[in-house]
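Build me a model from this:
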Amino acid sequence: MGANWSQHNAVHLQLLKAVYQDGDIVHAVVALNLVEPLPVADISVQVRAVEKTCWATTYSGGFGQVKQARNLDRGGTATLMHAAVDLELPGPAGRELAPGRYQWGVVFALPPGSPSTFEQDWGDAGAYLSYEASVVIRSAGKHAPMLAREFFTVHQKPQEAHGAEHSEELLLGKGGSALNPFKPHGVIAASLKLAQAQCLPGGDIELLVAVDNRSSAAVKSIEVGLERDIMLQEEPGCVASQHGFRELCSKHATAQGVPANSAAERHVRVAMPAELGQQPSLSGSLISCSYSARATLKMGLFGEDLHIPLRMLAPQGADGGGSGANGAKVVAQPPAGWQPTQVFPPVALSLPGAAPLPADALQQGPLSMAVSSAELPAGAA
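So this is what the prediction gives:
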C-alpha cells in the first residue's frame, strides 16, 4: 500500500491464501482506511471467474490484381461464475463515514468441480482462466468509486484414478502384395494401456505399447510423447470463429521396435514437464485443452500414430510459496500496523453451485489483516 495507504482514503482486500482447491472455503478481509470523511452509497464484494482468448489472424482480400493483407485480432471473454454481496454500513446509505479504520470479513465456498486456473501465451495467441475477488465502494457524492482486487488460483482436485486402453488395427499397403517387396503390406494390431489416465505436471507416465506385427514391414522403433490439442473460441459454441492447433509438449521417449511377423510389448516412461501445471486439462466455454499420449510406430520413411487420452492435473498440495495468480506475494501473517477501529461481523457470499457454508464458518474468520505496516496518521486512529 505504501504512502497511498497511510496518507489517502484507501481500501484493501486480502485473501488469506493464494491457492485453493475446488470446494474449499475462502476467507477474505476488507480494510477501509479513511483519513478524510467519505459519503458512501454502498460497499460490495464480488467474486468472478473469467475466461479470455485472443489470437491473430491474417485476412487477404481485394479486387482484381489489387490484393491486401492485414492482421486481425480475434478473441473473446466469458464469465463462468459471478456473485456479489453488500457489506454492512455503519449507518444509513449515503451517510458520511468519519475518518477511521473499518474492517469486514467475507466468507464463500468454491463450487465443487470449479475448473483450474489456466494461463498460456503462445505469442500469436493466448488463453486465460482467472479467478478474482474485488471490493467496490460507491460514493454518494462526486467521489470516484474506490476499487481493490485480488487474484487467486484454483486447482481442481484429482478425480478417482482409473486406467485407459486403446486399440487399433493398421492396414498397410492397401494395394501391396508379397510380390512387391518395396510396398509394405499386411496388418499391425497395436494397443496402448495406461495404468492411470491422469498425471501431475513434473511427474511421469508409463505407457504399455503392445504390437502384433502381422505385416511385411519392421517397426524399427516406437516413439512416445505427449500431445496437446487447443481450441479457442470468440463466443461459447461459436464454431464459425475459432482457432485450433495441436502441439507436442514433451520430449520423445524411444523404445525398441518389433520385427515383421512378430509380437512384443514395450513399456515406455515419459516425463511430464512441470510447466504444464499452468495449462491443465480444461473444457471451458471458450477454451478447450486436452492431452493425449501419442505412440508412433516408426517404419523407415513413414510412421503410424496412435493416441490415448490423458488428463493433465493442476499441481496439488502446497500453494507454492504463497504466490497468487497475478504473481503477487500473499502475506500469511498480518504484520503490526493495522488496528481497526470498527470491525463488522463476517458475511457470507453465495456462489452458484457451491455447497452451503458450515454453521461455524462465519465464526472462524480472521479478525486481523495482512496489510502494509506503514504508520497511519493520527487522524486515522
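
shouldn't residue 272 be in contact with residue 206?
No. Using Cβ atoms under 8 Å as the test, residue 272 is too far from residue 206 to be in contact (11.5 Å). C-beta here means a position set from N, CA and C on the backbone, and glycine is covered the same way.

Between those two, which is the more surrounded one?
residue 272 (21 against 16; other Cβ atoms under 10 Å).

Residue 293 versus that one, what's the distance?
Going from residue 272 to residue 293 by Cβ to Cβ, to the nearest Å gives 10 Å.

cool, and residue 225?
8 Å.

any residues in contact with both of these two?
Residues touching both residue 225 and residue 293 (Cβ atoms under 8 Å, 6 or more residues apart in numbering) are residue 270.

which of those two has more neighbours?
Between residue 225 and residue 293, counting by other Cβ under 10 Å, residue 293 is the more crowded of the two (26 against 18).

Can you say which helix or strand has the more buried one in it?
Residue 293 belongs to strand 287-299 when assigned by DSSP states H and E.

Sheet partners, orientation included, of that strand?
When sheet partners are counted by DSSP bridges, strand 287-299 sits next to strand 219-233 (antiparallel), strand 282-283 (antiparallel), strand 302-312 (antiparallel).

what comes up buried for it?
287-299 (16 or more other Cβ atoms under 10 Å).

The residues you listed into a markdown table, with extra columns for pLDDT and distance to residue 108?
As requested, the buried residues of strand 287-299 are arranged in a markdown table below (pLDDT from 0 to 100; distance: Cβ to Cβ, whole Å):
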| residue | pLDDT | distance to residue 108 |
| --- | --- | --- |
| 287 | 94 | 24 |
| 288 | 94 | 28 |
| 289 | 94 | 27 |
| 290 | 94 | 30 |
| 291 | 94 | 31 |
| 292 | 94 | 36 |
| 293 | 93 | 38 |
| 294 | 93 | 41 |
| 295 | 93 | 45 |
| 296 | 93 | 47 |
| 297 | 93 | 51 |
| 298 | 92 | 53 |
| 299 | 87 | 57 |
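
so which of these would you say is closest to residue 276?
Residue 276 lies nearest to residue 291 out of the buried residues of strand 287-299, by Cβ to Cβ, at 8.2 Å.

Tell me how far the closest one lies from residue 355.
Relative to residue 355, residue 291 is positioned 29 Å away (Cβ to Cβ).

Now do the longest strand seen in the chain against strand 287-299, angle only.
When the chain is parsed with DSSP state E, its longest strand is strand 38-63. Counting by axes from the mean of the first three to the mean of the last three Cα atoms, to 10 degrees, strand 38-63 lies at 50 degrees to strand 287-299.

what packs against strand 38-63?
Packed against strand 38-63 by the contact rule (3 or more Cβ pairs under 8 Å, 6 or more residues apart in numbering; DSSP states H and E) you find strand 25-34, strand 66-86, strand 96-97, strand 100-109, strand 125-139, strand 219-233, strand 242-248.

between those, which gets nearest to residue 362?
Comparing the helices and strands packed on strand 38-63 by Cβ to Cβ, strand 100-109 comes nearest, at 5.8 Å.

what comes up buried for stretch 189-206?
Neighbour-count burial for stretch 189-206 [16+ other Cβ under 10 Å]: 190-194, 197-201, 205-206.

Tell me if I'm right that residue 203 and residue 273 touch.
No. Residue 203 is beyond contact range of residue 273, at 10.2 Å (criterion: Cβ under 8 Å).

Using JSON lines, lay out the strands paired with strand 287-299 together with mean pLDDT.
What follows is the strands paired with strand 287-299, written out as JSON lines (pLDDT from 0 to 100):
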{"stretch": "strand 219-233", "mean pLDDT": "93"}
{"stretch": "strand 282-283", "mean pLDDT": "93"}
{"stretch": "strand 302-312", "mean pLDDT": "90"}
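
on that earlier part again, pull the distance from the longest strand of the chain to the chain's centre.
In terms of Cα atoms, centre = their mean, to the nearest Å, the centre of strand 38-63 is found 17 Å from the chain centre.

Show me the shaky parts of the stretch 251-381 of the chain.
317-337, 364-381 (pLDDT under 70).

what do residue 272 and residue 293 both touch?
What both residue 272 and residue 293 touch, as defined by Cβ under 8 Å, 6+ apart, is the set 205, 226.

if we can go back for a sec, please indicate which of the strands paired with strand 287-299 has the most neighbours on average?
strand 219-233 (a mean of 20; mean count of other Cβ atoms under 10 Å).

which one of the helices and strands packed on strand 38-63 has the lowest average pLDDT?
Averaged per stretch, pLDDT over these is lowest on strand 66-86, reaching a mean of 79.

How is the protein partitioned into domains?
2-157+316-380, 164-312 (automatic domain parsing).

Quick one: list the elements packing against the helix or strand containing residue 207.
Using DSSP H and E, residue 207 sits in strand 204-215. Strand 204-215 sits against strand 186-194, strand 219-233, strand 253-258, strand 262-271, strand 287-299, with contacts defined as 3+ Cβ pairs under 8 Å, 6+ apart.

what lines up beside that strand in the sheet?
Strands adjacent to strand 204-215 in the sheet, as given by DSSP bridges, are strand 186-194 (antiparallel), strand 262-271 (antiparallel).

closest to residue 145 out of the ones you listed?
Nearest of the strands paired with strand 204-215 (Cβ to Cβ): strand 262-271, 49.1 Å.

What separation do you get for residue 185 and residue 51?
The value you get for residue 185 to residue 51, if Cβ to Cβ is used, is 49 Å.

more neighbours, these two?
residue 51 (23 against 18).

export the strand holding residue 293 as CSV, just CAs?
C-alpha atoms of strand 287-299 as CSV (Å, rounded to 0.1, in the frame of the first residue of the first chain):
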residue,chain,number,x,y,z
ILE,A,287,-11.0,-22.7,-24.0
SER,A,288,-10.6,-26.4,-24.7
CYS,A,289,-7.3,-28.0,-23.7
SER,A,290,-6.9,-31.8,-24.0
TYR,A,291,-3.9,-34.1,-23.7
SER,A,292,-3.1,-37.5,-25.2
ALA,A,293,-0.1,-39.8,-25.1
ARG,A,294,1.0,-40.5,-28.7
ALA,A,295,2.8,-43.6,-29.8
THR,A,296,4.4,-43.5,-33.2
LEU,A,297,5.4,-46.8,-34.8
LYS,A,298,8.4,-45.8,-36.9
MET,A,299,8.8,-47.9,-40.2
